[in-house]
Every structure is written in structure tokens, then in C-alpha cells.
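**Q** Curious how this folds, go ahead:
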Amino acid sequence: MTPQTNNIEYRNLTSPLTQAQEGNNKRFNSDHYVEGYATTFDKPYLLWEYDGIKYYEMVDRNAFDGADMSDVVMQYDHHGKIVARISNNTLGAETDDNGLFIYADLSKSRAAQDLYEEIRTGLVTKMSIGFIVTESSYNQETHTRTILKFKRLYDVSAVGRPANPDTEIFTRSFFSGAGEAEKLKALEKRKRLLALKLKLEA
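**A** Numbers count the residues shown, from 1 in each chain. You can find the predicted model right below:
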């Protein structure tokens, strides 16, 4: 288990918020409505490759239970203007069997409307979330980190580029550490086998 951390992590997603298709049930009655999944449950995704080994991450379907999502905001690139937020009823987040479903009314400001148009026309095609994890596990055989509990979801952001330096730094740190631990474990195993072999040959 990883210890509780106060470091905010960011994850870029391949499935962006999109303009709702005709006939869909909108959570908000708005001409500037977008929706999508911020993350999916129990589906490993490639997060990092270190020293020739691919490392994965997935989110447990109960990871959001008890998480603080009281005032999640939507921004551009985590630092832009706030275009929607839960506390003023322009942003919503709910879990279902598939994952965390996000929906937003992007009509309340010029910046929000501009972002809606960029999403609608495909200029902005990625989404990223900012969060703190309070509990996770790591499987050395599959090189997979499982997020078991989120402490808080800070934001869902539309991003122009899929790479995020903060994500890259944290991911490199986490999985390079995991890789080194695996190497040490393998080395200790080889030492024990060699010692046993020498003992048997003596």
C-alpha cells in the first residue's frame, strides 16, 4: 500500500468531454452542454515505460466512495479561467458501472462559451483530472498500480496537449521507485539461490 500523500496528481485522458449528441438526456438544460467520462473503472491503462518495462494504472470502482467532490471546478489546462463548478450548479460528477461521468453547462461566461466551441469543433480534444490519492496498491507481477481510494477530486480540465509535466514527474518518480524495488527483490532472490547452490555443492 502506498502511504497517504498530499501531492496532487494529474491524469490526461484519451476520451475528452464532448458535445452531447441529439437525443441524449442532458443533466443541464443548456445549449452549451458537454459530457464524458473522466475515468473508467477496473480497466488498466498504460501510464509509464521505464527501463523497458511498461507500467499500468487502473481505478477501483469504489475509489470515489467518500472522496471530497464538494467543489470540483472545470478549467482549461488546470490553470485557466474557471468555466464551471459543482458549487454553482454548472458542473456535475457521478459514478456509474463504467466510471466517473462528468457533465457541464458551459454557458455562464464568455470563456466557458469559447471553450464549448473549441470542444465542439475538435480544437480541444483531451481532458485531464487533478486529484489526491489516499490509498493505492501495486502488483509487481503485472506492474500495475490500482487506485483504491481518492481523497479529493480537485478539477476536470480541458487540455490542448496530452502531456502534463507534473504528471510526468510524479509518474516517473512512482514507477522508477517501483522498478528499483523489483530489481532489488530479484537480486535478493538470486543471492539466496546462489547461496543454496553453493551449500549443496559443498
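
**Q** And the helices in the chain?
**A** 110-120, 165-201 (DSSP state H).

**Q** least reliable of these going by mean pLDDT?
**A** Of all the helices of the chain, the segment with the smallest mean pLDDT is helix 165-201, scoring a mean of 56.

**Q** Could you double-check that residue 41 sits in contact with residue 65?
**A** No - using CB atoms under 8 Å, residue 41 is not in contact with residue 65; the gap is 11.7 Å. From N, CA and C alone the C-beta is placed, and that goes for glycine too.

**Q** the more surrounded of these two?
**A** Shown here are residue 41 and residue 65; by other CB atoms under 10 Å, residue 41 has more neighbours (19 against 11).

**Q** So in terms of bridging, what pairs with that one?
**A** For residue 41, the beta-bridge partners under DSSP bridges are residue 59.

**Q** Kindly report the same for residue 50.
**A** Applying DSSP bridges, one finds that residue 50 bridges with residue 53.

**Q** How about residue 45?
**A** On the basis of DSSP bridges, residue 45 is bridged to residue 57.

**Q** just checking, residue 9 touches residue 130?
**A** Yes - Residue 9 is within contact range of residue 130, at 7.3 Å (criterion: CB under 8 Å).
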